[in-house]
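> Return atomic coordinates for the entry below.
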Amino acid sequence: MKHLVLLIILIGQISVCRASGTDTTLASKKDKLHIKIVPVIAYAPETRLLFGVGALGTFKLHKDTITHYSLVAAFVTYTQNAQDYIYVPYQLYSKNNKYYAEGEADYYNYSYYYWGVGTNRVPKELYNVHFPRVQLNGYRQITKNFYAGIDYYLEDDMIVGTQSNGELSQGEIPGSTGSLSSGIGFDALYDTRDSIYFPTHGWYIKAVSYFNSPTIGASCTYSKVMTDISYYLKPAKPLVLALNEHTQFTWGNVPFNQMALVGGSRQMRGYYLGYYRDDVLTYFQAEARMHIIGRFGLNVFGSVGLLGNYNTFPESNSPIFAEGIGIRYNYDVRQHVNVRLDVGYGNSVELYLTIQEAF
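The predicted structure is shown next:
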């Protein structure tokens with residue numbers, strides 16, 4: 001979630017331990033359920049004061065030395081403009097990591113800005129939208145490091161307010177009067193990382209697809225394919241280098257808020273999410289991650305991207321650039337799950353407060 005100005009983050013911790021029962025495999029205190037609480041206060045022009053609370057839980061579904069830790073988080077917030085959202089991301093690993101599921105279940109009553117499609121700018125418009133969103137990616141292990149599976153994506157966007165003189169109010173942009181996305185697809189994942197939540201070396205390569213059709217409940221027919229390639233290395237003890245390349249294709253009758261979007265807390269940090277949007281987006285980002293003292297770390301990052309459509313790619317004569325710096329707090333020492341605060345600069349200064357690394 002993007003915030004323009006962060007007032008303060010209050011970090012508190014509550015650890016809840018649950019007995020491991022009669023499981024005869026290796027188990028210890030570290031395998032028990034740990035829940036940590038994150039109160040958050042922030043500010044953005046479209047929301048005014050935002051306040052809420054989050055909880056982060058890490059645990060093992062099977063207590064042995066091979067199975068990865070699973071993670072479930074939940075955030076509930078409310079704003080001065082009577083907006084709210086519930087955000088529940090999760091990552092679940094079965095025994096011996098044979099099955100893996102990731103995704104989120106959310107509900108948003110929120111406001112966003114819109115600047116047009118492609119590099120053709122329109123005056124900034126504020127629109128209000130309600131939407132539930134469910135994303136499920138399910139994988140089965142094929143070989144030691146390779147997974148394959150299927151996915152499902154549901155998002156019901158109900159546009160409840162637009163500016164009377166804006167482009168969205170004319171109803172000609174796909175999705176500007178609302179849209180229901182319901183898509184299924186196929187996933188592939190290759191993962192050699194040494195750590196799930198804070199890798200220091202290895203590869204992470206993922207391909208995801210969603211094919212939306214009225215036959216499975218969608219209001220329009222469109223498709224989306226995304227590839228994500230990350231590489232991690234540790235040239236010196238306090239330093240980790242993380243590299244990431246992401247490409248997204250959309251085609252068909254694509255709702256404006258389901259196009260390839262520039263910006264947000266994970267990609268091209270320094271742009272408001274959706275400042276640019278189009279059919280095709282590809283970008284490269286790099287990050288240097290350094291331990292400073294105790295649980296605190298410092299990150300420096302930069303990115304470059306190209307945006308376009310199937311007639312003109314790229315649309316701009318020059319790439320899109322962004323850079324920034326961030327602070328990390330190691331919130332869960334067992335698995336090195338970080339709370340991160342990033343300040344990015346692209347077309348404006350953007351502030352991001354969330355959990356886990358951007359990639």
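> pretty sure residue 257 belongs to a strand, no?
No - using DSSP: H, G, I helix; E, B strand; the rest coil, the assignment for residue 257 is helix, not a strand.
> quick one: contacts for it?
112, 129, 157, 175, 179, 274, 277 (C-beta atoms under 8 Å, 6 or more residues apart in numbering). Quick note: C-beta positions are derived from backbone N, CA and C, even for glycine.
> Could you export the residues you listed as a markdown table, including pLDDT and secondary structure?
Output for the contacts of residue 257, formatted as a markdown table (pLDDT from 0 to 100; DSSP: H, G, I helix; E, B strand; the rest coil):
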| residue | pLDDT | secondary structure |
| --- | --- | --- |
| 112 | 93 | strand |
| 129 | 96 | strand |
| 157 | 97 | strand |
| 175 | 96 | coil |
| 179 | 97 | strand |
| 274 | 92 | coil |
| 277 | 95 | strand |
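> now the residues you listed as a markdown table including distance to residue 227 and neighbour count?
A markdown table is the format used below for the contacts of residue 257 (distance: C-beta to C-beta, whole Å; neighbours: other C-beta atoms under 10 Å):
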| residue | distance to residue 227 | neighbour count |
| --- | --- | --- |
| 112 | 26 | 16 |
| 129 | 28 | 18 |
| 157 | 25 | 23 |
| 175 | 24 | 22 |
| 179 | 24 | 24 |
| 274 | 21 | 18 |
| 277 | 18 | 23 |
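> Show me the beta-bridge partners of residue 239.
residue 236, residue 290 (DSSP bridges).
> show me where the chain has helices.
Ranges of helices in the chain, per DSSP state H: none exist.
> re the thing from before, from the contacts of residue 257, which is closest to residue 249?
Minimum distance to residue 249 across the contacts of residue 257 is 13.3 Å, recorded for residue 277 (C-beta to C-beta).
> Pretty sure that closest one sits against residue 263.
No - in this structure residue 277 lies outside contact range of residue 263 using C-beta atoms under 8 Å: 9.2 Å.
> Now the residue positioned nearest the centre of the chain. Nearest residue, chain neighbours left out?
For the chain, residue 266 is the residue whose C-alpha lies nearest the centre (C-alpha atoms, centre = their mean; 5.7 Å). Closest residue to residue 266 apart from its sequence neighbours, by C-beta to C-beta, 6 or more residues apart in numbering: residue 358 at 4.6 Å.
> residues in contact with that neighbour?
Residue 358 neighbours (C-beta under 8 Å, 6+ apart): 244, 265-267, 269, 285, 287, 301, 340, 342.
> And residue 268, by the same measure?
Going by C-beta under 8 Å, 6+ apart, the list of residues near residue 268 reads 262, 283, 285, 303, 305, 320, 322, 346.
> could you redo those residues as CSV and give each row neighbour count and distance to residue 37?
Compiled in CSV, these are given as follows (neighbours: other C-beta atoms under 10 Å; distance: C-beta to C-beta, whole Å):
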residue, neighbour count, distance to residue 37
262, 24, 33
283, 22, 34
285, 23, 30
303, 26, 32
305, 25, 36
320, 23, 37
322, 23, 32
346, 22, 32
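> Take the residues you listed and keep only those in strands.
283, 285, 303, 305, 320, 322 (DSSP state E).
> Could you save these as CSV and add columns showing pLDDT?
Below are these laid out as CSV (pLDDT from 0 to 100):
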residue, pLDDT
283, 97
285, 97
303, 97
305, 96
320, 94
322, 96
